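*Asks:* Can you look at this prediction? I've put the sequence above it.
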2 protein chains.
Amino acid sequence: MRAKKYVLSEQDMPRKWYNIMADMPTPMEPPLHPGTGQPVGPEDLAPIFPMNLIEQEMCTDRWIDIPEEVLDKYAIWRPSPLYRAYNLEKALDTPAKIYFKNEGVSPAGSHKPNTAIAQAYYNKVAGTKKITTETGAGQWGSALSMCCSFFGIECKVFMVKISYDQKPYRRLMMETWGANCTASPSNETRAGRSILEKNPDSPGSLGMAISEAVEEAVADDDTKYALGSVLNHVMIHQSIIGLEAIKQMKMAGDYPDVIIGSAGGGSNFAGLAFPFALDKINGKEIDIIAVEPTSCPTLTRGPFAYDFGDTVQMTPLLPMHTLGHNFVPAPIHAGGLRYHGMAPIVSQLLLDGIIRAESIHQMETFKAGLTFARSEGFISAPECNHAIAITIREALKAKEEGREKTILFNWSGHGLVDLAAYESYLRGNLSDHELPQEQIDNALMDIKPLPKPRQAT
Amino acid sequence: MRAKKYVLSEQDMPRKWYNIMADMPTPMEPPLHPGTGQPVGPEDLAPIFPMNLIEQEMCTDRWIDIPEEVLDKYAIWRPSPLYRAYNLEKALDTPAKIYFKNEGVSPAGSHKPNTAIAQAYYNKVAGTKKITTETGAGQWGSALSMCCSFFGIECKVFMVKISYDQKPYRRLMMETWGANCTASPSNETRAGRSILEKNPDSPGSLGMAISEAVEEAVADDDTKYALGSVLNHVMIHQSIIGLEAIKQMKMAGDYPDVIIGSAGGGSNFAGLAFPFALDKINGKEIDIIAVEPTSCPTLTRGPFAYDFGDTVQMTPLLPMHTLGHNFVPAPIHAGGLRYHGMAPIVSQLLLDGIIRAESIHQMETFKAGLTFARSEGFISAPECNHAIAITIREALKAKEEGREKTILFNWSGHGLVDLAAYESYLRGNLSDHELPQEQIDNALMDIKPLPKPRQAT
């Protein structure tokens, strides 16, 4: 029988995370304080994050020890299996070899616990009693809820109200793990109350939910805030995906020509891609593709600039590809990819030519998701279908060219609590929309230019 | 780092199923034809099942080769990991060692594909073009839908109407895998139409859905019917769970004193327990416990008798523990355990003293499910919570006795599409109900006694 999965033992699980900041061709610009315009220091972030995570955020060591207690929790589902997608290859009749890393095996069903475990642990060590966060579609909020329950930390999730109403199963996952999940905007914060005063029927937004979560964290010394993507320490924690995949590709006696991941804030893409990107920085030829929705084309159509991470301008200014903090993407089902910005590290690596980006319309992603489900079995999250769709394009291109190309993509999570999206697609209720340049231009009007030009190769 | 999971490679996956019919202390009584009262022969079943499965149903060989194509599909998620539940042990402060077999890693989220793959394969070989089935809560219907899509077989699922309306996600899984899922009773069969004529608002039942599925299968030579539990061939296919677990317990350097599985039709319980039961038959001391809901106490309060598998009396009479084919259990959330009968093999092994049975109330099972989710991470199906609750009881008993007992239970599937049940529990909307003996007595009025008394030890 041919091997379908490459499975590492717990003993083979990586003991260190990889930090690509040690190897970037162009050093990162620092985040800026929104008031002073000066680089933020650790003390500026101390009311929001515990100091051990702030230090990690700014750290440029190549390898960072994974604490024993984090490894112990990782072992609940890690190392995750790497698959050879023989059945998908057959369905596509392609000479390409397709591999995927299955991050859906975590109890929360996505890659998000890779950083949620680490963040909950560092907060525990720092004495944090309660963590606040925001969530849109709910993958991050549910992952953090689970990890807080492991470490006995109280967890409060502000969930964008429209998702709170439409996605009761994600909210119920959080409650099952003991978290408090509140629809945002809420009456529980000053920010929430001021929004509700102006618009009692506000459907909420990620930006509003961030304001509420940060306000509640800042108000209490024992409460901190956590973010599930974008930041450097999140990219570091997710590197375990790619570090495992390198070992597993060796088991398969293969090496990827193409690496693909869907990118919202950038963390699942970075998790798989960065450990391989080191080989590319050192001269190896690999095509590394971040996939984003055509309706939220941060990397493919947004400039690299300083912008706020949130709509209400409370966060530091981050150097990143952005569509502007006021940009409101179409309500596509891949909620996790509806973010105006992109991780600064991912943004810089795009400029440096280490990675490239593709955008794709929603309809093609759901078609790809069905092809995958009916060949490989697994039903994918709508976000993940973006990576699958580009994988299928690359596999079909290989067929046209008659090339035996090796493709590896990150299967970032299952879609079992996102099935309403599949229903819309199957019932013919979805369509694609072009995004007019004018809409992007309008949203970009009040972003800040970079202090000095960045290298673009 | 201590090992949390015991993972077999695909090369170590068992190549043969185990058939406990070769080793049973008391041979099985045959099923009877409902019209003649005579044992059914292969030809009686031929309109419903393909001949290769009928032969397997009657086979008494101890070991049965798993076809290569079935192994290839099993490899999508098998071998499944065996876990040491350190975090649950810690939460319970017990000296007991708790292990569980994780069958939730299949794309359908439960153990059901173990037999669905095999049944789809044998049907494919026999030339079946379409398979019909019924489903209650939806675990079986979704598993069969996926496996039919793998083998290019059309799949039609009659889903109990009240579940069809209440559990849209399970229906959507079936549709994502390309199956046709119809609410039962439907207008598509004579049986369905006659039920709707009398009661246009009928909420449906498993019995009605079986009638519709069997009618559609019998009407067309290329269409067959499939059942997800109860029958001997299903028990055979599920034995891969226990066969893997035996190898994994060896890896752990341990052997179970207690084996626990929840039992509706009996297949997940049998899958884990039967390969170990062989050791018990050969003299080893193991406590093997089938767990059922107090509201549907087939093994603990039902007699062993000949009874129909369905409400409308179309199936052969099966020798089994039963509450009577007219028994209607309370609407507990563990829909997969709301079946009036029990697999004949499980029933006979109870009489022979190889296994024993416990019943448990719903509230205790959800409490157990929360304890498990908040320690081990995984959110369990309500059915599975029955096994967890008895595991917790046994672990706490070990604590009282100061004994280092080894417990192994079957984690038969996740509850991510059953979260509405958790919501009811968390909101305080659930309660327990005693089942009056009179209700059982009434339902048992028209079952048939066995032709000769069975051995009861």
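*Replies:* Perfect, thanks for sending it.
*Asks:* What parts of the stretch 151-300 of chain A come near chain B?
*Replies:* Contact residues (Cβ under 8 Å from any Cβ of the partner chain) of the stretch 151-300 of chain A with chain B: A:Pro168, A:Tyr169, A:Leu172, A:Met173, A:Glu175, A:Thr176, A:Trp177, A:Gly178. To be clear about C-beta, it is placed using only N, CA and C from the backbone, and glycine gets the same treatment.
*Asks:* secondary structure class for the third one?
*Replies:* What it means is A:Leu172. helix (DSSP: H, G, I helix; E, B strand; the rest coil).
*Asks:* is the helix or strand A:Ile64 falls within anywhere near chain B?
*Replies:* If you go by DSSP states H and E, A:Ile64 is part of strand A:63-65. No - on the criterion Cβ under 8 Å from any Cβ, strand A:63-65 is out of touch with chain B, staying 13.0 Å away.
*Asks:* Double-check A:Phe308 against A:Thr315; I have them as touching.
*Replies:* Yes - applying Cβ atoms under 8 Å, one finds A:Phe308 in contact with A:Thr315, separated by 5.5 Å.
*Asks:* Need the residues touching each of those two.
*Replies:* A:Pro34 (Cβ atoms under 8 Å, 6 or more residues apart in numbering or on different chains).
*Asks:* partners of the helix or strand harbouring A:Tyr83 in the sheet?
*Replies:* Taking DSSP H and E as the criterion, A:Tyr83 maps to strand A:82-84. Applying DSSP bridges to the sheet, strand A:82-84 is found paired with strand A:5-6 (antiparallel), strand A:97-102 (antiparallel).
*Asks:* Mind listing what's buried along the last one?
*Replies:* Of the residues in strand A:97-102, those scored as buried under the neighbour-count criterion (16 or more other Cβ atoms under 10 Å in any protein chain shown) are A:Lys97, A:Ile98, A:Tyr99, A:Phe100, A:Lys101, A:Asn102.
*Asks:* Can you pull the phi/psi pair for A:Ile246?
*Replies:* Note on A:Ile246: its backbone torsions stand at phi -60, psi -50 [degrees, to the nearest 10].
*Asks:* Give me the most central residue, chain A.
*Replies:* Chain A has A:Ser267 as the residue nearest its centroid, 3.5 Å off, counting by Cα atoms, centre = their mean.
*Asks:* which residues touch that residue?
*Replies:* So A:Ser267 contacts A:His111, A:Lys112, A:Thr115, A:Gly228, A:Ser229, A:Val230, A:Val234, A:Met235, A:Gln238, A:Ala343 (Cβ under 8 Å, 6+ apart).
*Asks:* can those residues go into JSON lines with extra columns for neighbour count, secondary structure and distance to B:Ile260?
*Replies:* What follows is the contacts of A:Ser267, written out as JSON lines (neighbours: other Cβ atoms under 10 Å in any protein chain shown; DSSP: H, G, I helix; E, B strand; the rest coil; distance: Cβ to Cβ, whole Å):
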{"residue": "A:His111", "neighbour count": "32", "secondary structure": "coil", "distance to B:Ile260": "32"}
{"residue": "A:Lys112", "neighbour count": "30", "secondary structure": "coil", "distance to B:Ile260": "32"}
{"residue": "A:Thr115", "neighbour count": "27", "secondary structure": "helix", "distance to B:Ile260": "35"}
{"residue": "A:Gly228", "neighbour count": "26", "secondary structure": "coil", "distance to B:Ile260": "36"}
{"residue": "A:Ser229", "neighbour count": "24", "secondary structure": "coil", "distance to B:Ile260": "40"}
{"residue": "A:Val230", "neighbour count": "23", "secondary structure": "coil", "distance to B:Ile260": "44"}
{"residue": "A:Val234", "neighbour count": "28", "secondary structure": "helix", "distance to B:Ile260": "39"}
{"residue": "A:Met235", "neighbour count": "29", "secondary structure": "helix", "distance to B:Ile260": "42"}
{"residue": "A:Gln238", "neighbour count": "29", "secondary structure": "helix", "distance to B:Ile260": "37"}
{"residue": "A:Ala343", "neighbour count": "27", "secondary structure": "coil", "distance to B:Ile260": "45"}
